[in-house]
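A.B. asks: Need coordinates for the following:
(one chain, ligands or ions: 2)
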Amino acid sequence: MASSDLDEKLPSVEFVQVESVQALASNFGASYYEVPDRYIRPEVEADTVIEKGSFELPVIDLAKLRDSQFSQAEIAKLGCACGDWGFFQLINHGVDKDLLERVKADITAFFNLPLKQKEAVAIANNGIDGFGHHFVVSNEQKLDWADMLYLTTQPVSERNLLFWPTNPPTFRDTFDEYSLKLNKVTGELLVAMSKDLGIQSDVLFNLFKGLPQSMRMNYYPPCPQPEKALGLTAHTDGVGLTLLLNVNDVQGLQIRKDKMWFGVEALPGAFVVNIGNVLEIASNGKYRSIEHRAVVNTTKERISIANFQSQCHLETVGPLPEVVRGGKENYKSLSYGEYFKGYFSAKLEGRNYMESLKIN
Ligand SMILES: O=C(O)CCC(=O)C(=O)O
Ligand SMILES: [Fe+2]
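C.D. replies: Residues are numbered from 1 along each chain as shown. Ligands and ions are numbered 1, 2, ... in the order given. As a prediction, the model looks like this:
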């Protein structure tokens, strides 16, 4: 990571290096169908899954949030979505189609490069940015059926270009443009959420001062035993808000509600947005950071881009006084550094870490 005052306040966590799943998957011939033991997740077969299409994830229209005629009703809908599902699809977000197509083309081209070329931006020891595997903290830990590229994207001063691909040549410009556009969308959502929470409209925006942002680009190769493996472990997002782009129209996201898993069918051109941990905590539990995971399939590769919007790293992680208004705080308050050290050490396991921060 770039060295700066900000980084000195963030702990470094040592991740264990593991081989590329894309390379591993390419070894599977017609006669060999078993994924290695470290990828086997017995829980997947046992879980109840509600298939996409048989329920409706809330859909929020950003154009309506902007329009004084509709904004009040749409803000109320947004508030319900954040409190009930912790997830919604965002349409009419204003990020134009052409840019989304370039984002999709560039990340697909990157993942299609030979492994050696992708390793030009491999994560370095103790770092988070780069291509490879993140969040693996022990040799015993179960592994996800995915490779990923992680980049710190905002503020620009925090970028470490060593990890930004130069192949395809358009990658850096495309992601620079994309990250700026997503900050704009996030800013608008934060204002609408503040209104829903009944606090001054700039309170959340100020908590997210500078709109720190990173992106995790996930590549899930086809898997010979999809019912036994997971593309991404059940987790909650550590950040404030996540805007997920489904890159190649292959679905795989599942979210947990009422002890069941719901398969999400991302609407074409929409972002699937979810509340992250720090926003659940800031809202004192009014909004919910929901467990989600990615499943894989036998025949199709899947690519997604999760855009993580974080609160300012210098601000405390804790319930906002404006929300608590002298009532009971439902979560502990801690520095951003302490909070993230705990998050990474918990190996992304479901909601365990969030539960440990709750005050009963
Ligand atoms: O790929 C997906 O659908 C989920 C990605 C995700 O949850 C993440 O990157 O945090
Ligand atoms: Fe996530």
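
A.B. asks: Pick out the residue in the stretch 51-200 of the chain sitting closest to ligand 1.
C.D. replies: Met148 (7.5 Å; CB to the nearest ligand atom). Yep, even glycine has a C-beta here, placed from its N, CA and C like the rest.

A.B. asks: the helices in the stretch 251-360 of the chain, which residues?
C.D. replies: 277-282, 321-324, 336-345, 352-356 (DSSP state H, counting those that start in this stretch).

A.B. asks: Give the full set of residues in contact with Phe87.
C.D. replies: For Phe87, the contact set (CB atoms under 8 Å, 6 or more residues apart in numbering) comprises Leu57, Pro58, Ala81, Ile255, Val264, Val272, Val273, Asn274, Ile275, Ile290, His292.

A.B. asks: likewise Gln254?
C.D. replies: Each residue near Gln254 by CB under 8 Å, 6+ apart is listed here: Val49, Trp261, Phe262, Gly263, Val264, His292, Arg293, Ala294, Val295.

A.B. asks: Leaving out sequence neighbours, find the closest residue to the first one.
C.D. replies: Which is Val49. Nearest in space to Val49, with sequence neighbours left out and distances taken as CB to CB, 6 or more residues apart in numbering, is Trp261 at 4.7 Å.

A.B. asks: what's the distance between that neighbour and ligand 1?
C.D. replies: Distance of Trp261 to ligand 1, computed by CB to the nearest ligand atom, to the nearest Å: 12 Å.

A.B. asks: Check what pLDDT Asn284 gets.
C.D. replies: If you check Asn284, the pLDDT there is 98.

A.B. asks: wait, isn't it in contact with Tyr331?
C.D. replies: Yes. Applying CB atoms under 8 Å, one finds Asn284 in contact with Tyr331, separated by 6.9 Å.

A.B. asks: rewinding a little: how would you label the residue of the stretch 51-200 of the chain closest to ligand 1: helix, strand or coil?
C.D. replies: Three-state call for Met148 (DSSP: H, G, I helix; E, B strand; the rest coil): strand.

A.B. asks: contacting residues for it?
C.D. replies: Counted by CB under 8 Å, 6+ apart, Met148 has contacts Phe131, Gly132, His133, His134, Arg216, Met217, Asn218, Tyr219.

A.B. asks: Quickly list what it is bridged to.
C.D. replies: Here Met148 shows beta-bridge partners Gly132, Asn218, assigned using DSSP bridges.

A.B. asks: Return the distance of it relative to Ile107.
C.D. replies: Remark: distance between Met148 and Ile107 (CB to CB, to the nearest Å) = 11 Å.

A.B. asks: what's the overlap in contacts for the two?
C.D. replies: Common neighbours of Met148 and Ile107 (CB under 8 Å, 6+ apart) are Met217.

A.B. asks: just to revisit the earlier point, test for you: state the pLDDT assigned to the residue of the stretch 51-200 of the chain closest to ligand 1.
C.D. replies: Met148 carries a pLDDT value of 95.

A.B. asks: List the buried residues in stretch 88-99.
C.D. replies: Buried residues in stretch 88-99, counted by 16 or more other CB atoms under 10 Å: Phe88, Gln89, Leu90, Ile91, His93, Val95.

A.B. asks: What of stretch 170-184?
C.D. replies: For stretch 170-184, burial by neighbour count (16+ other CB under 10 Å) applies to Phe171, Arg172, Thr174, Phe175, Tyr178, Ser179, Lys181, Leu182, Asn183.

A.B. asks: which SSE is the closest residue to Pro221 other than its chain neighbours in?
C.D. replies: Once flanking residues are discounted, Pro221 sits nearest to Ala25: 3.7 Å by CB to CB, 6+ apart. Under the criterion of DSSP states H and E, Ala25 resides in helix 21-26.

A.B. asks: related to what we said a few turns ago, okay but the residue nearest to Pro221 is in contact with Gln225, surely?
C.D. replies: No. Checked against CB under 8 Å, the pair Ala25 and Gln225 is beyond contact range at 11.3 Å.

A.B. asks: is ligand 1 contacted by stretch 205-223?
C.D. replies: Yes. Using CB under 6 Å from any ligand atom, stretch 205-223 reaches ligand 1 at Arg216, Asn218.

A.B. asks: Only the buried residues of that stretch, if you could.
C.D. replies: By 16+ other CB under 10 Å, the buried positions in stretch 205-223 come out as 205, 207-208, 210-223.

A.B. asks: cool, and stretch 104-122?
C.D. replies: Applying 16+ other CB under 10 Å to stretch 104-122 flags Lys104, Asp106, Ile107, Thr108, Phe110, Phe111, Lys118, Val121 as buried.

A.B. asks: And stretch 223-242, by the same measure?
C.D. replies: 223-226, 228-242.

A.B. asks: I'd like to know the beta-bridge partner residues of the closest residue to Leu232 other than its chain neighbours.
C.D. replies: Among residues not flanking Leu232 along the chain, Ala294 sits closest, at 3.9 Å (CB to CB, 6+ apart). Here Ala294 sits in beta bridges with Leu232, Leu253, going by DSSP bridges.

A.B. asks: how close does Ala294 get to Pro114?
C.D. replies: Counting by CB to CB, the separation of Ala294 from Pro114 is 24 Å.

A.B. asks: thinking again about what came up before, pick out whichever of the contacts of Met148 sits closest to Asn167.
C.D. replies: Of all the contacts of Met148, Phe131 has the smallest distance to Asn167: 11.6 Å, by CB to CB.
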